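>>> I'll drop the sequence and a predicted model, then ask my questions.
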Amino acid sequence: MTAAAPIETDVAIIGAGPIGLFAVFELGLLDLKCHLVDILDRPGGQCTELYPEKPIYDIPGLPIVTGQELTNRLLEQVKPFNPQFHFNEMATGLEKLADGRWKLSTDAGTTLIVPVVVIAGGAGSFVPKRPPIPGIEVFENAGDGVGVHYAVRKMENFRGKNILIAGGGDSALDWTINLAPLAKSLTLVHHRDGFRAAQHSVNQMRELEAAGKIKFHVASVKALHGEAGKLASVTLAGADKSEWHHETDAFLPFFGLTIKLGPIAEFGIHLNENLIPVDTAKFESQTLGIFAIGDINTYPGKLKLILSGFHEAALMSQAAFHIVRPNEKLRFQYTTSSSSLQKKLGVS
Ligand SMILES: Cc1cc2nc3c(=O)[nH]c(=O)nc-3n(C[C@H](O)[C@H](O)[C@H](O)COP(=O)(O)OP(=O)(O)OC[C@H]3O[C@@H](n4cnc5c(N)ncnc54)[C@H](O)[C@@H]3O)c2cc1C
């Protein structure tokens, strides 16, 4: 990991879920520029990770919209403000600087220097489930394209490698299909001959198997072998309890995700049962300059609904403006009638 030069901007948003996305819009109307950090590889938070195809019926003005469609619409709405996304990155550190600004760091070496941090982290970060294989931690983060990886941050790292993928969901099948052309060899294992993934992905995987481009076994990984953290092989166990040795450079288990509050708990912000208490005028935490909106905050009467988070984003933005631009006046304007807002939106 190489640390990039620090990025100075107006607002850092932790979480690109629906509320983090709408915050970009509200802040953008006030000319505040945003960078968003999310540990996931795409925007949408719970909407795209947990229920992309389920209909939501209580978004004002959209009688029925799926989690994915709502995310797509929010992305379209924030486009004029050109938000910068840092996906596959965990916000891990928050530090106050001598000049009063905040330094937010990620596990990928990104540093954001900002007067305002907005925590829109929902229930926390989605973290991959670690399979119960003894000693697996020793092989994690062993290097680019080798050892155990729970996400593919850069496909090119896996070029020319012997890859073993385990799992039966969309991630396991998608990465089987995407990495097959780059890999020296690719083997997929799943504990049964049936998949939870989209049917077209299953069909594509079966075609690759029939063409001899990948191997598929009904099997589970029982043990990992290697020296000094360098993975060399695994023991596979078949449904009939037979066991065999399989040589591999990389092992990619895709066994789903769990949600954990994660590093936000270590930021030194006052928490109440893993939620951030806020005032309902500004949605600011008890630490000046740190706001919390969406599912991660708590206040009397809080409802964990998307529409509540949208309202919170609007009020937060007004308060954040006064911190970022202390010497400027804020004028309340409607998007329907303000030509300056319409100009920012690129509609006039
Ligand atoms: C099955 C289901 C159905 C639902 N149906 C409805 C409904 O019909 N109507 C409704 O209003 N609500 C519904 N909800 C609730 C709704 O999805 C949430 O209220 C909403 O997603 C909250 O948005 P958010 O942006 O606050 O958080 P999230 O959507 O949880 O997004 C938070 C994001 O922050 C990221 N993150 C957290 N910590 C870090 C960190 N340290 N570093 C990097 N990234 C981090 C996470 O990866 C995540 O992407 C439903 C929820 C579920 C699970």
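Nice, thanks for sending it over. Worth saying up front: this structure is predicted, and the values here are computed from it rather than measured.
>>> what stretches of the stretch 1-150 of the chain score poorly on pLDDT?
For the stretch 1-150 of the chain, residues meeting the criterion pLDDT under 70 lie at 1-3.
>>> go again using 80 as the cut-off
Along the stretch 1-150 of the chain, segments meeting pLDDT under 80 span 1-3, 141.
>>> And the helices in it?
18-29, 46-49, 67-78 (DSSP state H, counting those that start in this stretch).
>>> Now the stretch 51-200 of the chain against the ligand: closest residue?
Going by CB to the nearest ligand atom, the ligand is nearest to Gly122 of the stretch 51-200 of the chain, at 1.9 Å. Quick note: C-beta positions are derived from backbone N, CA and C, even for glycine.
>>> is it true that that residue touches Ile293?
No. Applying CB atoms under 8 Å as the test, Gly122 and Ile293 come out as separate, 10.1 Å apart.
>>> anything in contact with each of those two?
Residues touching both Gly122 and Ile293 (CB atoms under 8 Å, 6 or more residues apart in numbering) are Ile19.
>>> Which residue of the two possesses the greater neighbour count?
Ranked by neighbour count (other CB atoms under 10 Å), Gly122 and Ile293 place Ile293 first, with 31 against 25.
>>> picking that back up, could I get the helices of the stretch 1-150 of the chain in a markdown table, plus columns for mean neighbour count and distance to Pro131?
Output for the helices of the stretch 1-150 of the chain, formatted as a markdown table (neighbours: other CB atoms under 10 Å; distance: least, CB to CB, whole Å):
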| stretch | mean neighbour count | distance to Pro131 |
| --- | --- | --- |
| helix 18-29 | 27 | 30 |
| helix 46-49 | 20 | 20 |
| helix 67-78 | 18 | 27 |
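>>> Run through the residues that contact Ile296.
Ile296 is in contact with Gly15, Ile119, Ala120, Gly121, Gly122, Ala123, Gly124, Ile264, Leu275, Ile276, counting by CB under 8 Å, 6+ apart.
>>> How about the last one: what's its closest non-neighbour residue?
So that's Ile276. Ala292 (3.8 Å; CB to CB, 6 or more residues apart in numbering).
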